[in-house]
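Engineer: Sequence first, then the predicted structure:
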Amino acid sequence: MTQNPTIAVLGDKIEYTTQEVAINEIKFYKHNPRIGAELRKHEDFDILPESRQQTLIYELLLNETSVANLEPEILKDGGLQEPLIFRQDTRTVVEGNSRLAVYRKLKERHPDDIQWHKVRCYVFEQLTDDQEARIIGQAHLQGKTEWSGYAKAYFYYKWCREEGRGKHELKNIAGITTRDVNKKLRAFDLMQQNDDIDTTHFSHYEVLVASRSYDKIEDDTDLHDHVLKQILEGGHFTAQELRQKLPEVIKRPNALKRYKSGTWDLHTAFEHAQVNDVKQKLEKALEYLSGIKDRDIGRLEVRELKATFVVARKVKQNAERVFHTIEKEK
């Protein structure tokens, strides 16, 4: 008798079979992070009848870019190259929600074409929730089809906040770092506090909480509120610009004051902070040069003296360049 193939999950060898499963017998994964933000808009989602929950998930998935991109590829091949992972005991697709959505759409569009009535699946008779989480983690938290930062954060939120399970447990099962969990949860919490449901803003919150300057930002209520307001409104700056420019603005009291009052936007405040930085750099250079004594130079050996002369000449050239530029701009 031929033995069924197996996969290794958390130390166990789990058997599975490859089957063609009827589309209408497969349920979408209810906590799909790709559409988590949209589902959160429906406060009564958890008390809806399961059929309505499934319909809502399907409708939201149809608006996902992943589904739109998959449809022409599946049509080109006439089916799937990679089967869904289907959990028989819960009748749920563990991995492959987007592919399932495409098949359902094609079945609706071509009801007489039987190739869209069933989909090829790796069928597991049963899985524990930890085994399911491990499979999802390998596929989407650090695998070949990684979720967005927001989707990962939503998954962590469901696990830690709503299910009350430990971060270290999630780390061990999903193969991720506790540091990444903490960072994304902190960003997710801040996004919620700001009543922001635009998932494209998540990277801004992640940059903000990861900044070395965040404690200072958080302690300054006016600054904190102003930054959060601008993130919520969108379009003021990219996450990369926020990472690069805000810490420099914070170092310059005048630029910071004008930024958080709204007189200057982040880009203008950063430009002024950079101008002030010229004076600071010159003062630092003067401090270093003043610290070099004649007796220190007199102690240099011939070879060291020649090498030092080359560097000193470059310092002189750059000092003259800066001096003449400042003189011209006066």
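Structural biologist: Everything's here; your move.
Engineer: any low-confidence regions in the chain?
Structural biologist: Judged against pLDDT under 70, the low-scoring parts of the chain cover residues 1-2, 142-144, 276-277, 330.
Engineer: remind me, longest helix of it?
Structural biologist: Taking DSSP state H as the criterion, the chain has its longest helix at helix 302-329.
Engineer: which ones are touching the most centrally placed residue in the chain?
Structural biologist: Geometric centre of the chain, nearest residue: residue 149, 2.4 Å, by CA atoms, centre = their mean. Contact analysis of residue 149 by CB atoms under 8 Å, 6 or more residues apart in numbering lists 184, 187, 202, 203, 206. All C-beta spots, glycine's among them, are computed from the backbone N, C-alpha and C.
Engineer: In those residues, find the pair that's most separated.
Structural biologist: Spanning the widest gap among these are 184 and 203, at 10.8 Å by CB to CB.
Engineer: Those two: which has the busier surroundings?
Structural biologist: With neighbours defined as other CB atoms under 10 Å, residue 184 and residue 203 compare such that residue 184 has more, 25 against 19.
Engineer: In contact with that one, which residues?
Structural biologist: Contacts of residue 184 by CB under 8 Å, 6+ apart are 149, 152, 153, 156, 206.
Engineer: Show me the one in these that has more neighbours than the rest.
Structural biologist: Neighbour-wise, the contacts of residue 184 (other CB under 10 Å) top out at residue 153, 27 neighbours.
Engineer: Verify the contact between that residue and residue 187 for me.
Structural biologist: Yes: assessed by CB atoms under 8 Å, residue 153 is found in contact with residue 187 at 6.3 Å.
Engineer: List the residues that are in contact with both of the two.
Structural biologist: Common neighbours of residue 153 and residue 187 (CB under 8 Å, 6+ apart) are 202, 206.
Engineer: quick one: residue 146 from residue 138, how far?
Structural biologist: 11 Å (CB to CB, to the nearest Å).
Engineer: Of those two, which one has the most company?
Structural biologist: For residue 146 versus residue 138, neighbours defined as other CB under 10 Å are more numerous around residue 138 (17 against 12).
Engineer: you'd agree the more buried one is up against residue 175?
Structural biologist: Yes: Residue 138 is within contact range of residue 175, at 7.0 Å (criterion: CB under 8 Å).
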